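>>> need coordinates for the below:
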Amino acid sequence: RTSGLELDTPKRKAVLESVLRGLGVRAENGQLLVEASTANLGQRLHSLVQAMLAVNDMFVMAQTRVASFFFEDVRNFLDSNDIRYTPRVKLAGKSGYDHGIDFLVPKSRNRPERILQAIAAPKKDNIFAYLWTLNDTRAARTGESAAEAYAFLNDQEHPIGGDVIEALHAYGVVPAVWSQRLNCVNALTG
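Alright, predicted model coming up:
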């Protein structure tokens, strides 16, 4: 919790439990625990310290895991707000490349199709990659260029820079800053 990551989803809990089980450590009420006797106290303390280091490494150093967790956070948000979507969609681009889109919300009577991307680390490179994906896929999908685009931006650890917001706006993408995600519910449910 002090590093800004909550273990509030089944996937996160499963990853933590797997690491701890491998070291013979268990978690109860937010604490790591081991049982030891006088004969194995040194080994059990070593296991506890190794578990602490593994948990720290797991959440601080694994950026791909953070991206996976943020994807899960966005999916849980969509589910909890009864937003219909298809996850992990591949769309062909004009370039001939296939692009992975995190979520595709189908067209409704009132709204066009909506393309959603979960961007765990909203930095220039990631934003550029998403904008290129959108332009390439929109160019290939003639007649469907009216699709709305959203970028869910993870601001849980770092604030989102104004340059990121400006770049998204320049390409007609709605920046859905995670701390303000409820502002997008009506646009996505319609």
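
>>> going forward, measure contacts between C-alpha atoms and count neighbours the same way
Will do.

>>> Glu72: neighbouring residues, count only.
17 (other Cα atoms under 10 Å).

>>> so it versus Ala170, what's the distance?
When distance is defined by Cα to Cα, to the nearest Å, Glu72 is 28 Å away from Ala170.

>>> same thing with Arg141?
As judged by Cα to Cα, Arg141 and Ala170 stand 20 Å apart.

>>> ok, Lys90 next?
Using Cα to Cα, Lys90 is found at 24 Å from Ala170.

>>> which one's more surrounded, the two?
It is Lys90, of Lys90 and Ala170, that has more neighbours when counted by other Cα under 10 Å, with 15 against 11.

>>> middle-most residue in this protein, spatially?
Phe70 (1.8 Å; Cα atoms, centre = their mean).

>>> ok so that residue is a helix residue?
Yes: counting by DSSP: H, G, I helix; E, B strand; the rest coil, Phe70 is found in a helix.

>>> could we number from 743 for the rest of this?
OK, 743 is where the count begins now, so the last one is Phe812.

>>> on the pLDDT front, check it for me.
pLDDT, Phe812: 87.

>>> tell me the pLDDT at the closest residue to it other than its chain neighbours?
Nearest residue to Phe812, sequence neighbours excluded (Cα to Cα, 6 or more residues apart in numbering): Ala862, at 5.8 Å. With respect to pLDDT, Ala862 scores 90.
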